[in-house]
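> Okay, predicted coordinates and the sequence, questions at the end:
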Amino acid sequence: QVQLVESGGGLVQAGGSLRLSCAASVRTFSSYAMGWFRQAPGKEREFVAHISWSGSRTYYADSVKGRFTISRNNAKNTVYLQMNSLKPEDTAVYYCAATAGGTYVTVSSYDYWGQGTQVTVSS
């Protein structure tokens, strides 16, 4: 069982930055690839970013490429999402998730989810 707890969300003006963290309570954190997803009101949950178990490979949605950076610290059982140049359309609840395998962009590929953290970007 993997428990994930996100933090770092909040209200920020357009153009600002936020850093989300996701702490995992599992001894084998380095065995899991991790992802960030987001869900805006009335919309489906969508892929944002993914990082391999070692951190050597990362993938991003086109909408955040060049602005967001995913990273992880396996010694601290934590994955991060650095979000720069935020836009109002980035407003959503952000979720981290863990996967033991599968494709990295689909919700169904992830086995464990956090409760989410709200990010609101004002114009």
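Nice, thanks for sending it over.
> Next, count neighbours for S31.
Using other Cβ atoms under 10 Å, S31 has 12 neighbouring residues. For glycine as for every other residue, the C-beta is placed from the backbone atoms N, C-alpha and C.
> mind checking the SS state of the closest residue to it other than its chain neighbours?
Nearest residue to S31, sequence neighbours excluded (Cβ to Cβ, 6 or more residues apart in numbering): W53, at 6.1 Å. Classification of W53 by DSSP: H, G, I helix; E, B strand; the rest coil places it in coil.
> A strand includes G66, no?
No: G66 is assigned coil when assessed by three-state DSSP, not a strand.
> Helix, strand, or coil at the most centrally placed residue in the chain?
In the chain, the residue lying closest to the centroid (Cα atoms, centre = their mean) is W36, at 2.3 Å. In three-state terms, and counting by three-state DSSP, W36 is strand.
> what's the spacing between it and V79?
According to Cβ to Cβ, to the nearest Å, W36 and V79 sit 8 Å apart.
> which neighbours do those two share?
Common neighbours of W36 and V79 (criterion: Cβ atoms under 8 Å, 6 or more residues apart in numbering): C22, I70, C96.
> got those residues as JSON lines, with pLDDT columns?
Listed next are these as JSON lines, based on pLDDT from 0 to 100:
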{"residue": "C22", "pLDDT": "98"}
{"residue": "I70", "pLDDT": "98"}
{"residue": "C96", "pLDDT": "98"}
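> Looking at those residues, which one is closest to V5?
Nearest to V5, judged by Cβ to Cβ, of those is C22 at 6.9 Å.
> which other helices and strands contact the helix or strand hosting that closest one?
For C22, the host element (DSSP states H and E) is strand 18-25. Where contact means 3 or more Cβ pairs under 8 Å, 6 or more residues apart in numbering; DSSP states H and E, strand 18-25 is packed against strand 3-7, strand 33-39, strand 78-83, strand 92-99, strand 117-122.
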